[in-house]
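Visitor: here is my input, please return the structure:
(one chain, ligands or ions: 1)
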Amino acid sequence: MSTPETAVTSTRTAHHRRYLMCKPEHFTVNYSINPWMEPANPTDTAKAVAQWQKLYDLYIELGHEVELIEPLPGYPDMVYTANGGFLIGGRAYVPSFYYEQRQGESPAFADWFRAHGFDTVMPKEINEGEGDFLLAGDVILAGTGFRSAGDSHREVSEVFGREVVTLTLVDPRFYHLDTALTVLDPVVEEGRTAGIAYLPHAFDEASQKVLAERFPDAILVSDEDGAVFGLNSASDGYNVVISPRAKGFEKQLRERGYNPILIDLSELLLGGGGIKCCTLELRGAE
Ligand code: ARG
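Guide: The predicted structure is shown next:
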């Protein structure tokens with residue numbers, strides 16, 4: 001079914017999205033909580049802002065709605081709003097960050113959700129929002145191993161009343177689920193599974209097996225494309241915003257009828273984040 005905000009392409013459908021972003025006005029790397037962060041390397045805040053702005057402008061150009069949360073001084077990682085929550089149907093599950101350096105972000109996100117009418121649920125368990133929870137069709141794919149605790153998977157399942165599939169990450173470079181797996185097409189139609197792409201080597205063997213069984217049609221991304229954060233991408237079902245360095249993935253997407261659009265966030269990669277990390281999906285009440 002197509003609505004006014006829905007553009008039908010030959011094989012894929014672009015859906016309207018509502019996102020939450022945070023301008024990296026205070027971006028820097030002055031601590032290290034993942035292998036990409038090297039405080040000794042210089043960062044360029046103006047460059048981070050300019051790159052981020054291109055992503056913001058692209059979303060607007062694609063017809064999406066982008067909300068902004070005020071960046072807090074002293075929280076350079078707040079630009080990675082994917083970690084700011086996980087939302088389905090107008091309900092927001094608030095994060096509880098693993099590392100102390102980011103813990104002060106949670107109340108800011110919770111306040112934002114409340115002020116914007118979301119049914120806001122405070123967590124008991126450590127979890128880093130859409131960094132580790134991705135909605136694929138009816139199920140929630142949930143990462144653990146580095147950040148979100150296994151117990152948060154039970155909690156998120158209770159909060160949303162949905163099945164949760166636990167996936168264990170094993171490579172410290174891919175410490176959040178959204179660095180190793182992306183949902184391209186969350187809509188499940190007759191006889192089809194949700195469209196996903198992932199980096200098999202980022203997961204333990206049991207999780208690789210679960211993924212292969214549940215998503216036989218998934219795009220398997222090469223180690224090379226994974227290593228440049230190719231999977232940290234945002235899709236509306238047709239347009240897929242990816243890193244220009246993920247050449248093989250770009251080709252795979254075209255072959256499957258998606259429209260890859262390249263945005264370079266090299267400066268934000270110094271903090272260990274990319275396109276998806278800077279994008280939180282605000283799924284409202286239907
Ligand atoms: N420096 C941030 C951290 O380590 C990067 C977060 C990236 N976000 C994401 N959704 N993968 O927490």
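
Visitor: from here on, contacts and neighbour counts on C-alpha atoms
Guide: Will do.

Visitor: ok, residue 143 touching residue 164?
Guide: No: between residue 143 and residue 164 there is no contact, the gap being 10.0 Å when judged by Cα atoms under 8 Å.

Visitor: tell me which of the two has more neighbours.
Guide: residue 143 (32 against 21; other Cα atoms under 10 Å).

Visitor: pull the number of nearby residues for the residue in the stretch 1-150 of the chain that the ligand sits nearest to.
Guide: Residue nearest to the ligand within the stretch 1-150 of the chain: residue 131 (3.7 Å; Cα to the nearest ligand atom). Residues lying near residue 131 (other Cα under 10 Å) number 30.

Visitor: show the pLDDT at the closest residue to residue 223 other than its chain neighbours.
Guide: Counting by Cα to Cα, 6 or more residues apart in numbering, residue 223 lies nearest to residue 199, which is 6.8 Å off, once chain neighbours are set aside. The score at residue 199 is 98. That number is its pLDDT.

Visitor: same check on residue 163?
Guide: So, for residue 163, pLDDT stands at 97.

Visitor: residue 194 now?
Guide: For residue 194, pLDDT reads 85.

Visitor: which SS class is the residue located most distally from the centre of the chain?
Guide: Centroid-distance maximum for the chain: residue 40 at 27.0 Å, with Cα atoms, centre = their mean. Following DSSP: H, G, I helix; E, B strand; the rest coil, residue 40 is assigned to coil.

Visitor: neighbours of the residue nearest to residue 223, how many?
Guide: Neighbour tally, residue 199, other Cα under 10 Å: 23.

Visitor: likewise residue 32?
Guide: Neighbours of residue 32 using other Cα under 10 Å come to 13.

Visitor: go ahead and confirm it touches residue 39.
Guide: Yes: at 6.6 Å, residue 32 and residue 39 qualify as touching, with contact defined as Cα under 8 Å.

Visitor: thinking again about what came up before, any idea how far residue 78 is from the residue farthest from the centre of the chain?
Guide: Distance, residue 40 to residue 78, by Cα to Cα, to the nearest Å: 20 Å.

Visitor: now do residue 253
Guide: The value you get for residue 253 to residue 78, if Cα to Cα is used, is 30 Å.

Visitor: over to residue 259?
Guide: Distance from residue 259 to residue 78, by Cα to Cα: 29 Å.

Visitor: mind checking which of those two has more residues around it?
Guide: Regarding residue 259 and residue 78, a neighbour count based on other Cα under 10 Å identifies residue 78 as having more, with 30 against 21.

Visitor: hang on, that one in a helix?
Guide: Yes: according to three-state DSSP, residue 78 belongs to a helix.

Visitor: neighbours of the nearest residue to residue 198 once chain neighbours are set aside, just the number please.
Guide: Among residues not flanking residue 198 along the chain, residue 181 sits closest, at 4.1 Å (Cα to Cα, 6+ apart). Applying other Cα under 10 Å, we find 28 residues neighbouring residue 181.

Visitor: contact partners for residue 181?
Guide: Applying Cα atoms under 8 Å, 6 or more residues apart in numbering to residue 181 gives the contacts 196-199, 231-232.

Visitor: out of the residues you listed, who's nearest the ligand?
Guide: So of the contacts of residue 181, ranked by how close each gets to the ligand (Cα to the nearest ligand atom), first place is residue 232, at 7.5 Å.

Visitor: pretty sure that closest one sits against residue 179.
Guide: Yes: using Cα under 8 Å, residue 232 is in contact with residue 179, at 5.0 Å.

Visitor: name the residues of the stretch 51-200 of the chain found near the ligand, please.
Guide: 77, 80, 82-83, 131, 176, 178-179 (Cα under 6 Å from any ligand atom).

Visitor: next one: the closest residue to residue 258 other than its chain neighbours from residue 218, what distance?
Guide: Nearest non-adjacent residue to residue 258, counting by Cα to Cα, 6+ apart: residue 238, 4.9 Å away. Residue 238 is 15 Å from residue 218, where distance means Cα to Cα.

Visitor: also residue 66?
Guide: Residue 66 is 28 Å from residue 218, by Cα to Cα.

Visitor: for residue 21, same thing?
Guide: 28 Å.

Visitor: ok, residue 117 next?
Guide: 35 Å.

Visitor: and what of residue 229?
Guide: Residue 229 is 17 Å from residue 218, by Cα to Cα.

Visitor: ok, these two, which is more surrounded?
Guide: residue 229 (26 against 17).
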